[in-house]
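Asker: Have a look; sequence and predicted model below, questions after that.
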Amino acid sequence: MPYRSFANQEYRNALQSRLEIPALLRALPVAHGCRLLEVGCGRGVALTELARRCRPSRLVGIDIAPDLIALAQARLNRFRVSAELHVGDVRRLPFADGDFDVVIDFGTCYHIDRPGDALREIARVLDTGGMFIHELALAQLIAHPLRSRGRRLPWSECAELTSERRAVLWGSCRKGLIT
């Protein structure tokens, strides 16, 4: 099934910037200076807030839609935020193993074919002990009740990510530590 991007909704963008991201970061804190990747970054709404609130040493966004990456670049320029943007597929990330300390997904993995491939790629690009922050199924049902119905993330397909915390609408996993 081909991916269908979501319509731009300014009220939703404002809610994400002003409410969702601050609440997320209170529930699941991200260390300042981390190397942070947002998968499915779309128009870059979260990237500008993540840059301001987390002050990452490296900020990267990736999306499969070139037109959305162009809009994200315009937004980053408008807010004077420096970040790397890539057109690419979360199931085949163009980054080296262990490149990131944190990967954030605001629901992309719920809306693609073969989400297990995406989870394995996310685990691959996370450094050992790195954190994957993702929306829980409840967040998806609230935001996209019809489009998300019956969709779950296949955690059993990615043993490298271990569930760590749940915070109402979000969860975090850690990439396993080698013992």
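Answerer: Okay, I see it. Residues are numbered from 1 along each chain as shown.
Asker: For the rest of this, base every contact and every neighbour count on C-alpha atoms.
Answerer: Fine.
Asker: Name the helix or strand of this protein that has the lowest mean pLDDT.
Answerer: Counting by mean pLDDT, DSSP states H and E, the chain has its least confident helix or strand at helix 10-15, which shows a mean of 59.
Asker: Quick check: what element follows that helix along the chain?
Answerer: Moving toward the C-terminus from helix 10-15, the first helix or strand encountered (DSSP states H and E) is helix 21-27.
Asker: packing partners for the very next helix or strand once past that next one?
Answerer: Tracing the chain past helix 21-27, the next element assigned as helix or strand by DSSP H and E is strand 35-39. The elements that strand 35-39 packs onto, with contact taken as 3 or more Cα pairs under 8 Å, 6 or more residues apart in numbering; DSSP states H and E, are strand 58-63, strand 100-105.
Asker: and strand 35-39 with strand 100-105, angle?
Answerer: 20 degrees (axes from the mean of the first three to the mean of the last three Cα atoms, to 10 degrees).
Asker: per-residue pLDDT, Met1?
Answerer: At Met1, the model reports a pLDDT of 45.
Asker: The longest strand along the chain: how far from the chain's middle?
Answerer: Across the chain, the strand with the greatest residue count (assigned by DSSP state E) is strand 126-135. In terms of Cα atoms, centre = their mean, to the nearest Å, the centre of strand 126-135 is found 10 Å from the chain centre.
Asker: Walk me through which strands that strand pairs with, and which way each runs.
Answerer: The strands beside strand 126-135 in its sheet (DSSP bridges) come out as strand 100-105 (parallel), strand 170-175 (antiparallel).
Asker: any chance of those in CSV, plus distance to Ser82, mean neighbour count and mean pLDDT?
Answerer: Putting the strands paired with strand 126-135 into CSV (distance: least, Cα to Cα, whole Å; neighbours: other Cα atoms under 10 Å; pLDDT from 0 to 100) gives the following:
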stretch, distance to Ser82, mean neighbour count, mean pLDDT
strand 100-105, 17, 23, 97
strand 170-175, 26, 22, 94
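Asker: Distance to Phe132 for these - can I get that in CSV?
Answerer: Converted to CSV, these look like this (distance: least, Cα to Cα, whole Å):
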stretch, distance to Phe132
strand 100-105, 5
strand 170-175, 5
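Asker: wait, which of those strands is closest to Thr128?
Answerer: strand 170-175 (5.6 Å; Cα to Cα).
Asker: Okay, buried residues for stretch 113-122 please.
Answerer: Of the residues in stretch 113-122, Pro115, Gly116, Asp117, Ala118, Leu119, Arg120, Glu121, Ile122 count as buried by neighbour count, 16 or more other Cα atoms under 10 Å.
Asker: Closest to Leu85 out of these?
Answerer: Lowest distance from Leu85 to the buried residues of stretch 113-122 (Cα to Cα) belongs to Ile122, with 16.5 Å.
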